[in-house]
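Engineer: just need the structure, nothing else, for what follows:
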Amino acid sequence: MKIQVFEDPEALGAAAAADAAQAIAEAVRERGRARVIVATGASQFAFLDALVARSDVPWGQVDAFHLDEYIGLPPTHPASFRKYLRERLFERVPIGSAYLLDGEGDPAETCRQAAAAIGAAPVDVACVGIGENAHLAFNDPPADFETEQPYLVVSLDRACRQQQVGEGWFGSLDEVPSQALSMSVRQILKARRIFCMVPDTRKAAAVKASVEGPVDPHTPASILQTHPDVHVYLDRHSAQQLSSSATPWVRD
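Structural biologist: Numbering: from 1, shown residues only. I've put the predicted structure just below:
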């Protein structure tokens, strides 16, 4: 796991975008296409803005997938991840293809179809974040570290739902759906390379537990420690609880 710490979210996003762009371009050169998982949420704003501004991403050869979607939320809702990705990525670049999770369909069938799509070929790049409760995608603690199902129906815990209110996606806790579709932990780990972007003081405790603590389902993102090619991008706020042994600005 390589950890880099930057002064602010914009510097974090620019560095992560440069590295992700290189990884995507390498996949296209080597295999003809790049299969990429894209994260959503407020933590990804600077990264996605920097990524779409680059001229070295061969978007026409990119097949994109996303991590999760609320069950029962229409794509017109401000919190819909389909809406988020369309507005922040797919309408801004000439994407080759995009597979979007339908939160309004039958959840079991949606998971089955998404599993077939993601399983058709290996994933080259996964872009992820870490939640305030250390969730990875919508795998809240305790996460299922064993299932090989690519997508799951999950229940969202109170901390996760409160984060969505705190970030302004919903007006109250009662408005946040209690269930979602989520890519599984094991499916995320199948990506050849993982880029994890985590700015903000709100994430500091989760970052420390995820990168310095034991690998434990109660800290879902700690599973990233087991992957051979993970790059973590922090700002000085999200990194503030890391131990002294972890705070050169770059650590392998």
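Engineer: C-alpha only now, for contacts and for neighbours.
Structural biologist: Will do.
Engineer: ok, the residue nearest the centre of the chain - contacts?
Structural biologist: The chain has Val128 as the residue nearest its centroid, 2.3 Å off, counting by C-alpha atoms, centre = their mean. By C-alpha atoms under 8 Å, 6 or more residues apart in numbering, the residues touching Val128 are 37-40, 136-137, 194-197.
Engineer: out of those, who's nearest Ala11?
Structural biologist: Among the contacts of Val128, Met197 lies closest to Ala11 (C-alpha to C-alpha), at 11.3 Å.
Engineer: after the helix or strand harbouring the closest one comes which helix or strand?
Structural biologist: Element membership for Met197 (DSSP states H and E) is strand 193-198. Counting by DSSP H and E, the element after strand 193-198 in chain order, helix or strand, is helix 204-212.
Engineer: can you tell me the average pLDDT over that following helix?
Structural biologist: Across helix 204-212, the average pLDDT comes to 97.
Engineer: residues in contact with the helix or strand just after it?
Structural biologist: Next in sequence after helix 204-212, counting helices and strands by DSSP H and E, comes strand 230-235. Residues from elsewhere that reach strand 230-235 (C-alpha under 8 Å, 6+ apart): 1-9, 12, 16, 193-200, 224.
Engineer: pLDDT below threshold where in the chain?
Structural biologist: 244-252 (pLDDT under 70).
Engineer: what segments of it are helices?
Structural biologist: 9-31, 45-53, 81-85, 107-118, 158-166, 185-189, 204-212 (DSSP state H).
Engineer: what about the fifth one, distance to the chain center?
Structural biologist: Read that as helix 158-166. 17 Å (C-alpha atoms, centre = their mean, to the nearest Å).
Engineer: over to stretch 128-143?
Structural biologist: 9 Å.
Engineer: which pair in the contacts of Val128 spans the largest distance?
Structural biologist: Thr40 and Ile194 (14.7 Å).
Engineer: the more surrounded of the two?
Structural biologist: Comparing Thr40 with Ile194 by neighbour count (other C-alpha atoms under 10 Å), the higher total belongs to Ile194, at 26 against 22.
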